[in-house]
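Participant: need a structure here:
(chains A, B and C)
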Amino acid sequence: MPELPEVETVRRGLAPVLVGAKLIRVEQRRPDLRFPFPADFIARLQGQRIEALDRRAKYLLMRLSSGETLLMHLGMSGRFLIETADDSGKNPQKPGYFYQNTDLSVKHEHVVFHTEEGHRIGYVDPRRFGFMDLIPQDGCDEAPWLRDLGVEPLSNHFDAVVLQRVLAGSKAPLKSALLDQKRIAGLGNIYVCEALHRAGLSPLRVAGTLSGTSAKARQRSDALALAIRTVLQEAVAAGGSSLKDFAAADGSLGYFQHAFRVYDQEGAACPVQGCSGVVERQVQAGRSTFYCARCQT
DNA sequence: CTCACATCCTGGATGC
DNA sequence: TGCATCCAGGATGTGA
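Facilitator: Model (predicted):
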């Protein structure tokens, strides 16, 4: 579930259950995910009260009463499964929640949080590209995971001028530059493709061409900054995107995938009014890029 | 420094 | 049905 809108959706789903709750028991089912769990992981969590649940880029940050922060990254396939004490598995699904205890979610449930309030929150991650760490709350922006992250695209600190600055001098393809978390934090493959299409910009264009003082560069960076904000806002409002993997097990109700204009739409007509192009797929830096070569220039 | 690429891991879809 | 192959939302470390 891993781009910014999906992580934000998870945060909003978990917050009502976790914020203010006390962790009375934590289970750790294996020594590592993508990386080893930190030393004394269980002991540093059990007994802590959760004071807040924040998000930075694609990271979830659980603020603990001990003064530490539990940092969690969902990788490609990480998700949370929430059950309440009186939940016999028949409760209706709620946005951002994953209820069904399928074989897959049991087999790949690596961490379980039990709260004093009677909730059981399982972390399920088949591919184990996710990870967890404990970092100090004071100066947590200086933690290695967060230190080099770029601007938060939904914050007030992001606009066309900032976009021009972070792309200045880059000879990388625009698509690759936007995926670079050091420049803008939180974009992934889907929303980069979608934002570029909305802005009418080619993923193959040299990123640095959006910088500079020409009217064209200004116009392009304006369009892209707006497209990035808009697509992320719409996706967050839709509860993120639920993709086809683990379809039977996936209890997510995010529905932004129905609003994709180019992502995973190879061969479809370009949805731009008056454009006669067809959505193409091209591999860039080892990953699929979807775009319309006619209206994205 | 910047960029392209392989790599970690598992499961699903597709093709023979 | 079985098996091989390819693909997937991410990010890091390497080597050029």
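Participant: give me the low-pLDDT residue ranges for the stretch 151-297 of chain A?
Facilitator: For the stretch 151-297 of chain A, the stretches with pLDDT under 70 are A:243-253.
Participant: and A:H110, what are its phi and psi?
Facilitator: With angles defined as degrees, to the nearest 10, A:H110 sits at phi -100, psi -30.
Participant: What separation is there between the residue nearest to it when sequence neighbours are not counted and A:Y123?
Facilitator: The shortest distance from A:H110 to any non-neighbouring residue, by C-beta to C-beta, 6 or more residues apart in numbering, is to A:R29 (5.0 Å). No exception for glycine: its C-beta is placed from N, CA and C like everyone else's. A:R29 sits at a distance of 9 Å from A:Y123 (criterion: C-beta to C-beta, to the nearest Å).
Participant: so what's the residue of the stretch 151-297 of chain A found nearest DNA strand C closest to, chain neighbours aside?
Facilitator: Distances between the stretch 151-297 of chain A and DNA strand C by C-beta to the nearest atom of the strand are smallest at A:G188, namely 2.0 Å. Using C-beta to C-beta, 6+ apart and skipping residues adjacent in sequence, the residue nearest A:G188 is A:E3, 3.7 Å away.
Participant: A:L18 too?
Facilitator: A:I50 (4.9 Å).
Participant: In terms of secondary structure, what does whichever strand or helix holds that neighbour contact?
Facilitator: Using DSSP states H and E, A:I50 sits in strand A:50-56. Under the contact criterion of 3 or more C-beta pairs under 8 Å, 6 or more residues apart in numbering; DSSP states H and E, strand A:50-56 touches helix A:4-18, strand A:59-64.
Participant: Show me the strands in the stretch 151-297 of chain A, by range?
Facilitator: Taking DSSP state E, counting those that start in this stretch to define them, one finds strands in the stretch 151-297 of chain A at A:279-284, A:287-292.
Participant: most tightly surrounded among these?
Facilitator: Mean neighbour count (mean count of other C-beta atoms under 10 Å) peaks for strand A:287-292 among the strands of the stretch 151-297 of chain A, with a mean of 20.
Participant: Which helix in chain A has the most residues?
Facilitator: helix A:215-237 (DSSP state H).
Participant: Output that helix as PDB, nothing but the C-alphas.
Facilitator: Only the C-alpha atoms of helix A:215-237 are listed here, as PDB (Å, rounded to 0.1, in the frame of the first residue of the first chain):
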ATOM      1  CA  ALA A 215       8.000  31.400 -19.600                       C
ATOM      2  CA  LYS A 216       7.800  27.800 -20.800                       C
ATOM      3  CA  ALA A 217       9.700  26.500 -17.800                       C
ATOM      4  CA  ARG A 218       7.500  28.500 -15.500                       C
ATOM      5  CA  GLN A 219       4.400  27.300 -17.100                       C
ATOM      6  CA  ARG A 220       5.500  23.700 -17.000                       C
ATOM      7  CA  SER A 221       6.500  23.700 -13.400                       C
ATOM      8  CA  ASP A 222       3.300  25.500 -12.400                       C
ATOM      9  CA  ALA A 223       1.300  22.800 -14.200                       C
ATOM     10  CA  LEU A 224       3.300  19.900 -12.600                       C
ATOM     11  CA  ALA A 225       3.200  21.300  -9.100                       C
ATOM     12  CA  LEU A 226      -0.500  21.700  -9.400                       C
ATOM     13  CA  ALA A 227      -1.000  18.200 -10.900                       C
ATOM     14  CA  ILE A 228       1.100  16.600  -8.100                       C
ATOM     15  CA  ARG A 229      -1.000  18.300  -5.400                       C
ATOM     16  CA  THR A 230      -4.300  17.600  -7.100                       C
ATOM     17  CA  VAL A 231      -3.700  13.900  -7.800                       C
ATOM     18  CA  LEU A 232      -2.500  13.300  -4.300                       C
ATOM     19  CA  GLN A 233      -5.400  15.200  -2.700                       C
ATOM     20  CA  GLU A 234      -7.900  13.300  -4.800                       C
ATOM     21  CA  ALA A 235      -6.300  10.000  -4.000                       C
ATOM     22  CA  VAL A 236      -6.200  10.700  -0.300                       C
ATOM     23  CA  ALA A 237      -9.900  11.700  -0.500                       C
END
